[in-house]
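S.K.: no sequence on this one, just coordinates:
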């Protein structure tokens, strides 16, 4: 509910991203939330992909045919789950309409677009939050407390993996170099980079070295990199490595997973936020039932609490509550991703 007692109106802009259905399910469980969705770009997607009104019907959400209709509904907040390359146009449109924004990761495909999005939201007084749910993991929060308390000593290195299936079958745009901005480097580097951003309190990266290739899933003949390894240097001396490959086989029971290890002068600790599950096999193959906290729900509740607290955006006025990760943290991880692309292309370290 809003402070006035009416339901909070939340719009879903696009069904392009696979997370759209998870966000819808989580929002449908919340009291005091009204939903309306629109996916007018569905006609450009492969016919085998469930999009548009059919997707809305499958997920039990009210549907608007156009973005004009969606914003005419006057939502309090919008969740943007479009192709990466369309983030800027939708964020700017939402900011112009006076709406608070939760945008899928990465912030954009180009640094200049990310900067323009942040500027648009600052002018409009709109919240701009990024969808990095892993930072809400109870396991990561415990790790952050270990680091902050000094139990591990001075952090010296971070090793992260974010491995998954090549997302060709679920949403083909993920392997389109224009719509996605790249392949595995774009899809998976930013999650681990965001966790490092939390641990270092937003310390900017200095230098990035990345290698990438198309050896994994070569039979699919996609135009983007399917595997990569990224090294990141920070001014404090911290060094990080991220394996961002689409290395999970197509037959795996789930999308993939993430691990994150911090090594300090006094010890080390590692987490695997998605590892807990009930496994087995059945008539349809392997069984994988994830257990534990719903990170999408924790992300959404943080965003909506800030929307309720801040009220309607006022142009030029900073919202009273800025939920994290905000646009600036999204920009820092975007710059790391961009430097990784440059490094992989030229075969030498790239300055951030």
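M.R.: Nice, I can see it. What you are looking at is a predicted structure, and each value in this text was computed from that prediction instead of being measured.
S.K.: Report how many residues lie close to residue 347.
M.R.: Applying other CB atoms under 10 Å, we find 9 residues neighbouring residue 347. All C-beta spots, glycine's among them, are computed from the backbone N, C-alpha and C.
S.K.: And the strands in the stretch 201-350 of the chain?
M.R.: In the stretch 201-350 of the chain, the strands defined using DSSP state E, counting those that start in this stretch lie at 205-213, 227-234, 239-243, 256-264, 268-271, 277-282, 285-290, 350-351.
S.K.: can I get those in CSV with mean neighbour count?
M.R.: Listed next are the strands of the stretch 201-350 of the chain as CSV, based on neighbours: other CB atoms under 10 Å:
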stretch, mean neighbour count
strand 205-213, 20
strand 227-234, 21
strand 239-243, 21
strand 256-264, 19
strand 268-271, 16
strand 277-282, 10
strand 285-290, 11
strand 350-351, 14
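S.K.: okay if I get the ones you listed as CSV plus distance to residue 93 and mean pLDDT?
M.R.: Supplementary listing: these in CSV, determined by distance: least, CB to CB, whole Å; pLDDT from 0 to 100:
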stretch, distance to residue 93, mean pLDDT
strand 205-213, 31, 98
strand 227-234, 32, 98
strand 239-243, 32, 98
strand 256-264, 32, 95
strand 268-271, 37, 97
strand 277-282, 39, 65
strand 285-290, 34, 64
strand 350-351, 32, 98
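S.K.: Could I get the contacting residues of residue 65?
M.R.: Contact analysis of residue 65 by CB atoms under 8 Å, 6 or more residues apart in numbering lists 38, 40, 53.
S.K.: In TSV, list these along with pLDDT, distance to residue 142 and secondary structure.
M.R.: Listed next are these as TSV, based on pLDDT from 0 to 100; distance: CB to CB, whole Å; DSSP: H, G, I helix; E, B strand; the rest coil:
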residue	pLDDT	distance to residue 142	secondary structure
38	98	39	strand
40	97	43	helix
53	97	43	helix
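S.K.: Buried subset of those residues, written for ChimeraX?
M.R.: Of these, the buried ones go into a single ChimeraX selection, burial set by 16 or more other CB atoms under 10 Å:
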select :38,40
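S.K.: ok, of the contacts of residue 65, which one's closest to residue 100?
M.R.: residue 38 (17.2 Å; CB to CB).
S.K.: Any chance of TSV for the strands of the stretch 201-350 of the chain, columns distance to residue 168?
M.R.: Output for the strands of the stretch 201-350 of the chain, formatted as TSV (distance: least, CB to CB, whole Å):
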stretch	distance to residue 168
strand 205-213	17
strand 227-234	14
strand 239-243	20
strand 256-264	14
strand 268-271	29
strand 277-282	24
strand 285-290	19
strand 350-351	28
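S.K.: From the opening residue of stretch 51-70 to its closing one, how far?
M.R.: Using CA to CA, to the nearest Å, the end-to-end distance of stretch 51-70 comes to 16 Å.
S.K.: just for the stretch 1-150 of the chain, where's the confidence low?
M.R.: Scanning the stretch 1-150 of the chain for pLDDT under 70 picks out 1, 4.
S.K.: Please repeat the previous calculation with a cut-off of 90.
M.R.: 1-6, 43-44, 46-48 (pLDDT under 90).
S.K.: Which stretches in it count as helices?
M.R.: Along the stretch 1-150 of the chain, the stretches classed as helices by DSSP state H, counting those that start in this stretch are 20-28, 52-59, 67-72, 87-96, 111-124, 138-149.
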